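> I'll drop the sequence and a predicted model, then ask my questions.
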Amino acid sequence: MFQRNCRTLLSSSSSSSSAAAAAISRRRKILCTNHNANALRRNTDCYYLSGRSYYRSFSSLREEEDVLYEATSSNNNSNNSQTTTTTTITTQQQSPPPPEQSPPPPQQQQQQQQQQQEDSDHTPSKPLKEVRKQLWEFYVSTGRGANALFEAIDLREVVKSIPPEIHPSELKAFLEEVWSGSEHPKEIMPYAWNILELRTKQNSMYTTKTFKQWLIAATKMSADQKNQRTLAYFQQSKGMKEEEDNEDDYSWNSDSMSQSLRRMQYAVRGEVVMRANQLEAEGKNILYTNIGNPHQVGQSPITYYRQVMALCDLPAEVGVDHPSVGDMFPPDVIERAKELRDIIGPSGTGAYTHSQGLLGIRQHVAEFIQERDGGTYPSHAGNIFLTNGASAAIAMVLQGLIGEPNDAVLIPIPQYPIYSAMIAKMGGRQVGYELSEDLNWTVTRNELERCLEKAQSEGLTVKAMAMINPGNPSGNIMTHCDIQTVVEFCASNKIVLLADEVYQTNVYSPHSKFVSAKQVAYDTGLEKELQLVSFHSTSKGLVGECGRRGGYMELHHIDPYVQSQMYKLASSELCSGLQGQIMVSLMVRGPRPGDGSYELYKEETRRIFEGLKERSQKLVRGLNLIDGVCCAPADGAMYAFPRLENLPESVFRRAKELGTTPDNLYALSLLESTGICVVPASGFGQSKGRVGFRTTFLHPDTVRAIDKFREHHYEFMDKYTKLQHDYEQQQEEEEEEEDQQPNDPQQQRQTTTTKDEATTTKTSHEHDDDDLE
């Protein structure tokens, strides 16, 4: 870096070098502001491509500083000679010098030089501000470039023996400089801003390592998942050896690893769940309601599926071709297994398949989609990709969509965390559009237009929009009109619609019906204008075979070239699991009326459906009977998403002290008290000021646990109401003490300083960057 080339001069203790140091500082400012303004912009773009610090490509800056160094070194015995040499060099890039004036006194010269050096160190030029802003936006979208960002903030000359550092006040000023949002940074990143203010009080500098830790906290979606706590839980629950070596002993560590991975969050298996695993290992009974994993919580597999799967896997001589196979399996199961074995071919279920999935099974999916949407709208096997669950398909599409740091995806708030996690991992930007809780989690066209306009004003390019129907975590069912609003918005703005429809079978309200985005596009005549990718999975619905990892996506009206590249991406992963492909075929084509397996199949699926429907209604009703809990109807999917109301201020204050969110605090308290494991609502995103959690109603014990929900809620409220009362009483006592203090200003300042020091000492252990991360 060009700052580092001056370290010999700057570390010199000779008084005669002070003028040279000031001249170098002035020269550096000139280089940053005038001569290389375009180079700064160009090389910032080069940084994006090469991954190297933009300073290191400024060969012209380094060469000119070498000239400056040689000139000042050869004349360091004379202050006048230094000034003449420096002026000759610096004025080459400036307007003609002003008329000569008599030099000021030496003391005044030294003060001017010191002021100029401070100005050059702390006052960023306009081009440098642009570079900083671009680097900030690049980091926000990709999680990359933290080192260059640090260097762009820390413009001091570096002495070899002193590591580079940033003062928290500089970091605060930098944030306010680059911030493009309408709200102040402290409103968007309250926990990170809180630690920043605390470190400012403590005068605690940021090193490169602690700066990266702070960046993670500042740019994550929420403060739910602490990486340091996650590491501790992981080590304890998995029996890992706790390494005693220093992290610096490893070349691949928190500092050198992918920072986008550090930022990525997946709250469904976050801190609360890891704490639950730890408690379970200690012998505590845990009721897991955090994830839609039906078979884990007691849902029985459907017999027809397992029988066909078994015959597909078994060698023919002991399976479909065995003389006694008819004694063990119904005729329709045997017939279906033979059909699938023919599609798979002689290699069997242990071999790779076509990268897009077996053609015969893709044809089954296309027939299912066409029948589901009324029978008249076409679906083609060539547009179907069989994938390892819907999550893998979503990741593939996002990887193909996000090409630039300012590429953005509209996601619902609340949303399923796979979207925010994958967007962060792929280096894109997420733009949340809020679903209205008062309107049963619907979205309006005005809200979509507002979000699009805001994103565009911030220089983002909205490439796609995610829509989850039925809703996760909200449990709502979108009407034909609701979907039409989204379809028209995407079509008119040329935005790719990502329709997450994995819960399309889970519709419990007799007044609701699942309608696909593709059907709405055809119904409204927009099928040739809407770019659509829809997803489905064998993990949800009434199948619940999460471990099979079966799913598919259908590409509708997608550029053929893009589709060919998606095939290339699928090829790089060889193929999806064949067990999952078979399960997809069984999901979309079960036994028909009159088949030998149909009656049992019908009874098993009816039992699963009615159980989910009953539990969804009882859970919502029970939660709404708890004073301070409000829950919208769970008409679909597998989740309830209640809101906690009228929480004491002490809850928010305690959460802030711990560097977490109020609902994470509540969820951990619920877990410790009752053994019920839920997911904090902040992990899904929610409107400002809202506090809540998501719980499934899959487990048969969920309804019986409502009493535990109630008991804990009232205990929690009592505890924090008392803490709030104690806090207010303490505040009154402090105010009375202040009123009784003498009027001597010096004594008042001493008292205030003592209180501030006590407060800082009290909270310094609570506000830790590792914990905040």
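Yes, it's here.
> tally of neighbours for residue 639?
Other residues lying near residue 639 total 27 when counted by other CB atoms under 10 Å. C-beta coordinates here come from the backbone N, C-alpha and C atoms, glycine included.
> Scan the chain for its longest helix.
Under DSSP state H, the helix in the chain containing the largest number of residues is helix 706-740.
> the helices in the stretch 551-700 of the chain, which residues?
Per DSSP state H, counting those that start in this stretch, the stretch 551-700 of the chain carries helices over the ranges 560-572, 578-588, 598-624, 649-658, 662-674.
> would JSON lines of these with mean pLDDT, mean neighbour count and distance to residue 444 be doable?
Below are the helices of the stretch 551-700 of the chain laid out as JSON lines (pLDDT from 0 to 100; neighbours: other CB atoms under 10 Å; distance: least, CB to CB, whole Å):
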{"stretch": "helix 560-572", "mean pLDDT": "89", "mean neighbour count": "13", "distance to residue 444": "30"}
{"stretch": "helix 578-588", "mean pLDDT": "93", "mean neighbour count": "25", "distance to residue 444": "34"}
{"stretch": "helix 598-624", "mean pLDDT": "94", "mean neighbour count": "17", "distance to residue 444": "24"}
{"stretch": "helix 649-658", "mean pLDDT": "88", "mean neighbour count": "18", "distance to residue 444": "29"}
{"stretch": "helix 662-674", "mean pLDDT": "92", "mean neighbour count": "22", "distance to residue 444": "26"}
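> Looking at these, which is nearest to residue 172?
helix 649-658 (17.5 Å; CB to CB).
> elements contacting the closest one?
Packing partners of helix 649-658 (3 or more CB pairs under 8 Å, 6 or more residues apart in numbering; DSSP states H and E): helix 190-202, helix 662-674, helix 706-740.
> next one: stretch 678-688 to chain centre, how far?
Its chain's C-alpha centre and that of stretch 678-688 lie 12 Å apart, by CA atoms, centre = their mean, to the nearest Å.
> What residues sit buried inside that stretch?
By neighbour count on 16 or more other CB atoms under 10 Å, the buried set for stretch 678-688 is 678-686.
> Quick one: end-to-end distance for that stretch.
Distance across stretch 678-688, first residue to last, is 20 Å (CA to CA, to the nearest Å).
> avg pLDDT for it?
The average of the pLDDT scores along stretch 678-688 is 86.
> which outside residues touch it?
For stretch 678-688, contacts defined as CB atoms under 8 Å, 6 or more residues apart in numbering pick out 221-225, 265, 267-268, 270, 272-273, 289-291, 411, 413-417, 420, 432, 434, 437, 473, 641, 643, 661, 663-664, 666-667, 670-671, 690-695.
> Give me the contact list for the helix or strand hosting residue 340.
Assessed by DSSP states H and E, residue 340 sits inside helix 331-344. The contact list for helix 331-344 (CB under 8 Å, 6+ apart) reads 304, 307-308, 311-312, 316, 319-320, 325-326, 329, 348, 353, 358-361, 578, 582, 585-586, 591, 595-598.
> after it, next one along is what?
Immediately after helix 331-344, counting by DSSP H and E, sits helix 359-372.
> helices or strands up against that following helix?
Secondary structure elements in contact with helix 359-372, counted by 3+ CB pairs under 8 Å, 6+ apart, are helix 331-344, strand 384-387, strand 551-556, helix 578-588.
> For residue 737, find the nearest of the ones you listed.
When those are ranked by distance to residue 737, counting by CB to CB, first place goes to strand 551-556 at 64.6 Å.
> And that closest one, what's buried?
551-556.
> Kindly report the same for stretch 192-205.
Under 16+ other CB under 10 Å, the buried positions of stretch 192-205 are 192-196, 198-199, 204-205.
> out of the residues you listed, who's nearest residue 546?
Nearest to residue 546 among the buried residues of stretch 192-205, with distances taken as CB to CB, is residue 192, at 34.8 Å.
> Now the closest one: closest residue in space, sequence neighbours ignored.
residue 218 (3.8 Å; CB to CB, 6 or more residues apart in numbering).
> in what helix or strand does that neighbour lie?
Counting by DSSP H and E, residue 218 is part of helix 208-219.
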